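**Q** sequence and predicted structure below; questions after.
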Amino acid sequence: MAPSSEGAIDIYLSTKKVDVDNRISLRIYSRIADNLLRLADIFRQEDNVIDLYVMLLRFSSLVTETIPYHKDYKTFPQGSKLYLKKKLITSLSELEELKPVVQAKIQALQTRQKYHQTRQQDSLQICNKQSSLQWPATEKHYSTDKRFLQFTEQNGYPRQNSASISKPTKGPFQSISSTILRPKEETLSKHSILGPTGLSGHWKPPSSYKVHYPSNAQFTPLVIPRDNLTQQSTKEETTSREGDQSSEPEASDLGSLIETKNDKNLTAKLDSLISFDVVESPPQPEVIRQPSPPPVLADVQELMTVSTLETCTEPLIESTSSDVLPCSEDPLELHISIALMDSFMKLATSNTNRNLETCGVLAGSLKNRKFYITALIIPKQESTANSCQTTNEEDIFEVQDQRSLFPLGWIHTHPTQSCFMSSIDVHTHYSYQIMLPEAIAIVMAPTDASKTHGIFRLTSDGMSVIRQCPRRGFHSHDSPSDGTPIYSQCTDVYMSPSLKFDVIDLR
């Protein structure tokens with residue numbers, strides 16, 4: 001489904017009318033109709049009502065607006081016409097039944113997506129608030145306060161105007177800045193170990209003041225006698241072991257010391273260790289107190305936002321696969337095995353050695369809105385150094401019908417050229433992409449040192465250019481009116497190391 005200009009999903013943009021191309025045979029258009037019905041059957045089994053609705057709309061448009069306008073429609077077999085008419089009536093009836101269900105489903109999905117988008121926006125706003133630090137603006141300036149001015153004049157501080165006080169400090173972050181008053185030299189001489197000369201002079205200790213430390217009695221620790229005696233005995237034991245190898249007498253003395261913990265002598269020793277005598281401290285010198293510096297107005301700047309979205313503690317809301325609106329206008333995912341290209345190059349070795357191109361057809365299945373290439377078909381073909389053409393398409397169709405495979409593109413070599421799509425290649429791939437928009441074109445260029453392979457698909461404007469081009473062979477094409485390329489590298493093709501595929505050589 002495609003979004004409209006207002007952001008709502010317009011399902012009918014995915015079912016645009018396909019202009020008839022008389023160069024494409026009615027047999028091919030009939031197979032396109034059959035493939036649409038097969039896709040609808042798969043989506044019906046998977047209970048995917050939205051894609052089912054889109055496939056039925058495409059089938060109805062193809063049968064009513066494209067096939068009847070083909071130049072060979074009058075000669076089209078009557079049985080084929082009746083078959084398409086019968087399928088059309090059944091599809092229209094099912095479309096009427098699915099319409100209210102699809103509308104309700106789309107509305108629910110849109111509501112859910114809007115809810116998740118709102119949650120994501122709220123999470124972003126929370127992260128932005130957490131990552132920014134805002135300081136309140138300072139309104140009161142102390143320089144205009146009379147009490148502030150009187151205090152500074154009484155204590156000998158020079159008067160400062162408001163401009164010098166609130167002047168911001170220019171720095172790398174322009175955060176908090178302030179103006180600090182310089183202390184007097186008398187203060188520096190008493191409180192700075194460098195003196196009034198700072199780093200420029202030699203250090204001299206103060207001459208008029210002495211440093212007095214408190215007496216040792218005030219800091220005498222309380223020692224537990226048992227531990228003290230034990231440590232003393234241990235030291236004596238260690239000394240005895242170093243002097244004499246026989247330490248048995250010292251060990252017996254240690255045991256006797258431990259047993260005397262309740263002895264009266266031990267109590268007397270304990271009392272002697274704790275002194276309660278009053279020790280007179282030396283007289284303290286008179287301390288000259290300096291007035292506290294006046295309050296300084298700090299000009300607070302808004303801090304830079306350092307935290308980013310990654311530092312947000314609240315995780316963003318991620319939508320699950322069930323919450324995503326399927327966009328049927330865009331190609332579905334396509335998966336291909338990594339080994340498929342190597343297997344194809346081995347099959348093309350004989351032609352590559354003779355500078356002849358080799359081509360193969362890619363076919364596969366659909367499951368859960370994903371295409372898987374499960375077959376590599378090598379048809380009968382006529383090759384030159386610059387082109388390759390299949391000779392019997394009926395054999396290819398038979399293999400695809402027997403295995404219930406969808407045509408998912410083709411692969412061919414450029415033995416002597418670079419990796420690109422020639423004018424013949426884009427016309428060839430046009431017929432594949434008409435059958436299925438997800439069809440791809442793989443170009444293998446073994447002699448191209450910069451790019452040995454490429455996976456391409458025609459753009460929507462490129463499809464229009466090729467549809468209107470009547471020329472054959474090698475020729476140039478005008479670029480689309482909006483400047484977009486005719487073909488581009490695929491971005492929805494996934495290389496799988498475990499995907500299995502069959503090689504069917506019909507040569």
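**A** Structure's in. What do you need?
**Q** can we go C-alpha only for contacts and neighbour counts from here?
**A** Will do.
**Q** other SSEs contacting the host helix or strand of residue 59?
**A** Using DSSP states H and E, residue 59 maps to helix 49-61. Counting contacts by 3 or more C-alpha pairs under 8 Å, 6 or more residues apart in numbering; DSSP states H and E, helix 49-61 packs against helix 26-45, helix 78-131.
**Q** which parts of the shortest one are buried?
**A** Looking back up the chat, that one is helix 26-45. 26, 29-30, 32-33, 35-40, 42-43 (16 or more other C-alpha atoms under 10 Å).
**Q** now tabulate those in JSON lines and tack on distance to residue 382 and pLDDT.
**A** Formatted as JSON lines, those follow (distance: C-alpha to C-alpha, whole Å; pLDDT from 0 to 100):
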{"residue": "26", "distance to residue 382": "24", "pLDDT": "94"}
{"residue": "29", "distance to residue 382": "25", "pLDDT": "96"}
{"residue": "30", "distance to residue 382": "26", "pLDDT": "95"}
{"residue": "32", "distance to residue 382": "26", "pLDDT": "96"}
{"residue": "33", "distance to residue 382": "29", "pLDDT": "96"}
{"residue": "35", "distance to residue 382": "28", "pLDDT": "96"}
{"residue": "36", "distance to residue 382": "31", "pLDDT": "96"}
{"residue": "37", "distance to residue 382": "33", "pLDDT": "97"}
{"residue": "38", "distance to residue 382": "32", "pLDDT": "97"}
{"residue": "39", "distance to residue 382": "32", "pLDDT": "97"}
{"residue": "40", "distance to residue 382": "36", "pLDDT": "97"}
{"residue": "42", "distance to residue 382": "36", "pLDDT": "97"}
{"residue": "43", "distance to residue 382": "38", "pLDDT": "96"}
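**Q** for residue 70, state which of these is nearest.
**A** Taking C-alpha to C-alpha as the measure, residue 70 lies nearest residue 26 of these, at 7.4 Å.
**Q** what does stretch 439-454 rub up against?
**A** Applying C-alpha atoms under 8 Å, 6 or more residues apart in numbering, the contact partners of stretch 439-454 are 407-421, 429, 432-433, 455-457, 489-490.
**Q** just the buried ones among those, please.
**A** Buried members of those, counted by 16+ other C-alpha under 10 Å: 407-416, 418-421, 429, 432-433, 455-457, 490.
**Q** residue 483 versus the closest residue in space to residue 40 that isn't next to it in sequence, what's the distance?
**A** Nearest residue to residue 40 in three dimensions, chain neighbours excluded: residue 52, at 5.0 Å (C-alpha to C-alpha, 6 or more residues apart in numbering). Separation of residue 52 from residue 483 (C-alpha to C-alpha, to the nearest Å): 34 Å.
**Q** neighbour-wise, which of these two wins?
**A** residue 52 (25 against 9; other C-alpha atoms under 10 Å).
**Q** what residues are up against that one?
**A** By C-alpha under 8 Å, 6+ apart, the residues touching residue 52 are 39-41, 43-44.
**Q** for those, which one is nearest residue 499?
**A** Nearest member of those to residue 499, counting by C-alpha to C-alpha, is residue 39, at 21.3 Å.
**Q** same for the helix or strand hosting residue 409, what does it pack against?
**A** Residue 409 belongs to strand 406-413 when assigned by DSSP H and E. Packing partners of strand 406-413 (3+ C-alpha pairs under 8 Å, 6+ apart): strand 359-367, helix 423-435, strand 440-444.
**Q** which strand or helix spans residue 503?
**A** Per DSSP H and E: strand 502-505 holds residue 503.
**Q** check which residues of that strand are buried.
**A** Neighbour-count burial for strand 502-505 flags residue 503 (criterion: 16+ other C-alpha under 10 Å).
**Q** ok, now stretch 391-402?
**A** For stretch 391-402, a neighbour-count test (16+ other C-alpha under 10 Å) marks 396, 399-400 as buried.
**Q** mind listing residues that contact that stretch?
**A** Residues outside stretch 391-402 that contact it (C-alpha under 8 Å, 6+ apart): 363, 377, 379-382, 406-407, 506.
**Q** if you set the cut-off to 7 Å instead, what comes out?
**A** Contacts to stretch 391-402, defined as C-alpha atoms under 7 Å, 6 or more residues apart in numbering, come from residues 379-382, 406.
**Q** now stretch 92-106
**A** With contact meaning C-alpha under 7 Å, 6+ apart, stretch 92-106 is reached by 49-50, 53.
**Q** same check, this time on stretch 493-502
**A** Contacts of stretch 493-502 (C-alpha under 7 Å, 6+ apart): 333-338, 374-376.
**Q** what's the end-to-end length of that stretch?
**A** 19 Å.
**Q** any idea of the mean pLDDT for it?
**A** Mean per-residue pLDDT for stretch 493-502: 95.
**Q** rewinding a little: adding distance to residue 120, write the buried residues of helix 26-45 out as CSV.
**A** Supplementary listing: the buried residues of helix 26-45 in CSV, determined by distance: C-alpha to C-alpha, whole Å:
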residue, distance to residue 120
26, 50
29, 46
30, 47
32, 42
33, 42
35, 40
36, 38
37, 39
38, 39
39, 35
40, 35
42, 34
43, 31
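**Q** now do the helices in this protein.
**A** 26-45, 49-61, 78-131, 146-154, 162-165, 185-191, 225-243, 248-259, 264-273, 339-347, 349-353, 393-402, 423-435, 460-467 (DSSP state H).
**Q** where does the stretch 51-200 of the chain dip in pLDDT?
**A** 129-200 (pLDDT under 70).
**Q** can we see that at 50?
**A** Where the stretch 51-200 of the chain drops to pLDDT under 50, the residues are 140-144, 162-167, 173, 175-177.
**Q** quick one on the thing from earlier: how much space between the residue nearest to residue 40 and residue 83?
**A** Separation of residue 52 from residue 83 (C-alpha to C-alpha) stands at 20 Å.
**Q** with residue 90 instead?
**A** Counting by C-alpha to C-alpha, the gap from residue 90 to residue 83 is 11 Å.
**Q** and residue 390, what does it touch?
**A** The contact partners of residue 390, taken as C-alpha under 7 Å, 6+ apart, are 379-382.
**Q** pLDDT weak spots in the stretch 401-507 of the chain?
**A** In the stretch 401-507 of the chain (pLDDT under 50), no residue qualifies.
**Q** what distance do you get for residue 86 to residue 340?
**A** Residue 86 is 40 Å from residue 340, by C-alpha to C-alpha.
**Q** who has more neighbours, the two?
**A** Between residue 86 and residue 340, counted using other C-alpha under 10 Å, the more crowded position is residue 340 (22 against 11).
**Q** quick one, grab the pLDDT at that one.
**A** pLDDT for residue 340: 97.
**Q** and if you look at the one 4 residues further on?
**A** In this model, residue 344 is scored at 97, pLDDT.
**Q** show me what contacts it?
**A** By C-alpha under 7 Å, 6+ apart, residue 344 lies in contact with nothing.
**Q** what does residue 22 give?
**A** 70-71.
**Q** separation between it and residue 68?
**A** Remark: distance between residue 22 and residue 68 (C-alpha to C-alpha) = 11 Å.
**Q** do the same with residue 61
**A** Distance, residue 61 to residue 68, using C-alpha to C-alpha: 11 Å.
**Q** so residue 480 makes contact with residue 461?
**A** Yes. Counting by C-alpha atoms under 7 Å, residue 461 is a contact partner of residue 480 at 6.0 Å.
**Q** tell me the bridge partners for the closest residue to residue 405 other than its chain neighbours.
**A** Excluding the flanking residues, the one nearest residue 405 by C-alpha to C-alpha, 6+ apart is residue 364, at 5.0 Å. Counting by DSSP bridges, residue 364 is bridged to residue 373, residue 406.
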